[in-house]
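> sequence first, then the predicted structure, then my questions.
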Amino acid sequence: MDKHYQIVIIGGGTAGISTAARLLKDLRSLAGEIAIIDPAEKHYYQPLWTLVGGGEAKKEETERSMTELIPQGADWIQSAVTFIESEENYVQLSDGVKLRYEYLIVAAGIEIDWEGIKGLTETLGQNGVCSNYSYQYTDYTWDVIRNFKGGNALFTHPATPIKCGGAPQKIMYLAEDYFSRTGIRDKVEVIFGSANHAIFDVKKYRLALEKILERKKIDVRFKHNLIEVQGDLQVAIFEHVETKEQTSIHYDMLHVTPPMRAPAFIRNSMVADEAGWVDVHPHTLQHQKYENIFSLGDCSNLPTSKTGAAIRKQYPVVVKNLLSFMKGEALGAKYDGYSSCPLVTGYNTLILAEFNYDKQPKESFPFNQAKERRSMYVMKKDMLPIIYWNGMLKGTM
């Protein structure tokens with residue numbers, strides 16, 4: 001049986017819940033007219049997983065039940081989307097139901113492609129192979145770090161867009177700091193195999209991070225993309241992103257950031273661009289072809305870092321512009337590409353990178369945020385989770 005809602009939101013993550021909460025605050029008559037589609041039982045505050053992997057937080061602290069978070073006035077459809085029929089204004093659900101909409105917000109997040117690295121799934125969670133991008137295995141990262149005795153500690157960054165672009169290096173800095181504090185640093189070779197051409201895209205923060213890499217004596221190998229893990233041999237195979245030449249590195253510890261992509265139902269739909277992401281205007285967040293569709297967060301093709309901080313600036317724009325569109329008014333709200341990456345550089349130190357589409361710093365505090373600070377570390381560890389649960393997900397921040 002078909003169902004109909006005025007507004008359908010695909011995704012009950014950061015973007016979907018925040019947007020729904022703000023819509024219901026701004027226009028109370030939408031109560032009962034909004035559906036959030038998400039099959040998950042749990043919602044996770046993933047920015048804290050880096051600190052779980054570094055032994056500074058418990059992963060259970062990052063988990064909440066979806067039933068606690070769905071805003072009052074929105075219906076939670078606990079199902080998965082299999083297809084978006086943007087020409088006929090409905091989404092197909094895995095249980096066969098067609099959910100019809102007048103307006104659609106695509107906030108489906110990003111899909112982690114664990115299978116994209118040969119041999120990874122067979123060895124993940126054992127033999128020193130870990131990843132903070134999995135709730136299941138993030139505490140194994142801490143087990144590996146605190147029990148490490150020496151050898152090659154290898155960290156990777158893939159050749160695809162990823163959520164929280166700084167996370168692959170944050171855990172590396174924490175691990176290096178731990179090795180130093182426990183007296184085994186001289187027995188460890190810390191290696192960063194990154195498909196990127198530099199440590200960070202924004203010059204101000206790149207220069208600061210390059211000094212940290214030098215200070216910590218980290219062996220950085222740019223343009224190296226991990227393509228295979230041979231768990232039995234403890235060997236990682238990398239491919240150079242330009243020459244395609246393959247090299248192998250022996251590891252005693254391997255932290256993998258897997259490749260990521262848009263969910264399949266987006267990639268296979270008419271709302272996607274050539275790369276598979278939802279094709280939206282970079283400032284209004286309205287779809288380039290279908291005017292009654294908006295998108296934000298990791299599944300969109302917005303040319304900025306995929307972070308929760310970016311979503312915090314995106315969702316008010318989506319809400320304002322959708323409500324304007326519903327009234328037949330011009331879309332007045334503009335998103336400038338703001339994103340933020342709290343770059344943990346060790347225990348109790350952090351660089352707070354904030355920037356816009358132009359790769360220019362857009363800082364919130366009256367001091368140089370490219371300098372490592374304890375205060376910023378405390379903000380990430382203790383303050384941001386409170387703001388997230390009690391402000392952002394309620395549509396107030």
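The structure has been received and is ready for your questions.

> quick check: the residue most central in space within the chain vs Lys244, distance?
A centroid search over the chain (Cα atoms, centre = their mean) returns Lys163, at 2.4 Å, as the residue closest to the centre. From Lys163 over to Lys244 the distance is 27 Å, taken as Cβ to Cβ, to the nearest Å. No exception for glycine: its C-beta is placed from N, CA and C like everyone else's.

> cool, and Tyr315?
As judged by Cβ to Cβ, Tyr315 and Lys244 stand 40 Å apart.

> between the two, tell me which one has more neighbours.
Tyr315 (28 against 8; other Cβ atoms under 10 Å).

> tell me which element that one falls in.
helix 308-326 (DSSP states H and E).

> list the helices and strands that helix packs on?
In this structure, helix 308-326 makes packing contacts with helix 14-26, strand 98-106, strand 293-295, strand 339-346, judged by 3 or more Cβ pairs under 8 Å, 6 or more residues apart in numbering; DSSP states H and E.

> among these, which comes closest to Leu69?
helix 14-26 (5.5 Å; Cβ to Cβ).

> ok, and what's touching the closest one?
Contacting residues not belonging to helix 14-26 are listed as 7, 9-10, 30-31, 34, 36, 38, 43, 69-74, 105, 107-109, 296-298, 308, 311-312, 314-316, 318-319, 322-323, 388, 392-396 [Cβ atoms under 8 Å, 6 or more residues apart in numbering].

> what is the mean pLDDT for the helix holding Tyr315?
The average pLDDT within helix 308-326 is 98.

> what's the answer for stretch 194-213, then?
Averaged over stretch 194-213, pLDDT sits at 98.

> so where do the helices sit in the stretch 101-250 of the chain?
Along the stretch 101-250 of the chain, counting by DSSP state H, counting those that start in this stretch, helices occupy 120-123, 138-146, 167-181, 203-215.

> tell me which of those helices approaches Thr50 most closely.
Of the helices of the stretch 101-250 of the chain, nearest to Thr50 by Cβ to Cβ is helix 167-181, at 4.7 Å.

> counting contacts, what elements does the closest one pack onto?
helix 49-53, helix 138-146, strand 151-157, strand 188-194, strand 253-255, strand 339-346.

> between those, which gets nearest to Lys289?
Among the helices and strands packed on helix 167-181, the nearest to Lys289 by Cβ to Cβ is strand 339-346 (25.2 Å).

> packing partners for that closest one?
helix 167-181, helix 203-215, helix 308-326, strand 349-355.

> reformat those as CSV; add distance to Phe238.
Formatted as CSV, those follow (distance: least, Cβ to Cβ, whole Å):
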stretch, distance to Phe238
helix 167-181, 14
helix 203-215, 18
helix 308-326, 29
strand 349-355, 26
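
> Lys334 is nearest to which of those?
Of the helices and strands packed on strand 339-346, nearest to Lys334 by Cβ to Cβ is helix 308-326, at 6.9 Å.

> which residues does that closest one contact?
By Cβ under 8 Å, 6+ apart, helix 308-326 touches 7, 14-15, 18-19, 22-23, 26-27, 46-47, 103, 105, 164, 284-286, 291-292, 294, 296-297, 302, 304, 330-336, 338-341, 354, 388, 392, 395, 397.

> any of those buried? List them.
By neighbour count, with 16 or more other Cβ atoms under 10 Å, the contacts of helix 308-326 hold 7, 14-15, 18-19, 22-23, 27, 46-47, 103, 105, 164, 284-286, 292, 294, 296-297, 302, 304, 331, 333, 335, 338-341, 354, 388, 392, 395 as buried.

> my guess is Thr257 meets Ala167, correct?
Yes - the pair Thr257 / Ala167 is scored as a contact, 6.8 Å apart, by Cβ atoms under 8 Å.

> what is in contact with these two at once?
Tyr133.

> any stretches of this protein with poor pLDDT?
1 (pLDDT under 70).

> can you give the domain ranges for it?
Using automatic domain parsing, the domain parsing of the chain gives 3-110+262-336, 115-260.

> go through the ones you listed and name the closest to Lys359.
domain 115-260 (5.0 Å).

> contacts only, for the nearest residue to Lys149 once chain neighbours are set aside.
Once flanking residues are discounted, Lys149 sits nearest to Ile184: 6.8 Å by Cβ to Cβ, 6 or more residues apart in numbering. Neighbour list for Ile184: 148-150 [criterion: Cβ under 8 Å, 6+ apart].

> switch those over to JSON lines; also include distance to Tyr173.
Putting these into JSON lines (distance: Cβ to Cβ, whole Å) gives the following:
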{"residue": "Phe148", "distance to Tyr173": "15"}
{"residue": "Lys149", "distance to Tyr173": "20"}
{"residue": "Gly150", "distance to Tyr173": "18"}
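
> as TSV, these with neighbour count and distance to Arg215 would be great.
As requested, these are exported to TSV (neighbours: other Cβ atoms under 10 Å; distance: Cβ to Cβ, whole Å):
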residue	neighbour count	distance to Arg215
Phe148	19	20
Lys149	9	24
Gly150	14	20
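
> quick check, nearest of the residues you listed to Ile199?
Phe148 (23.0 Å).
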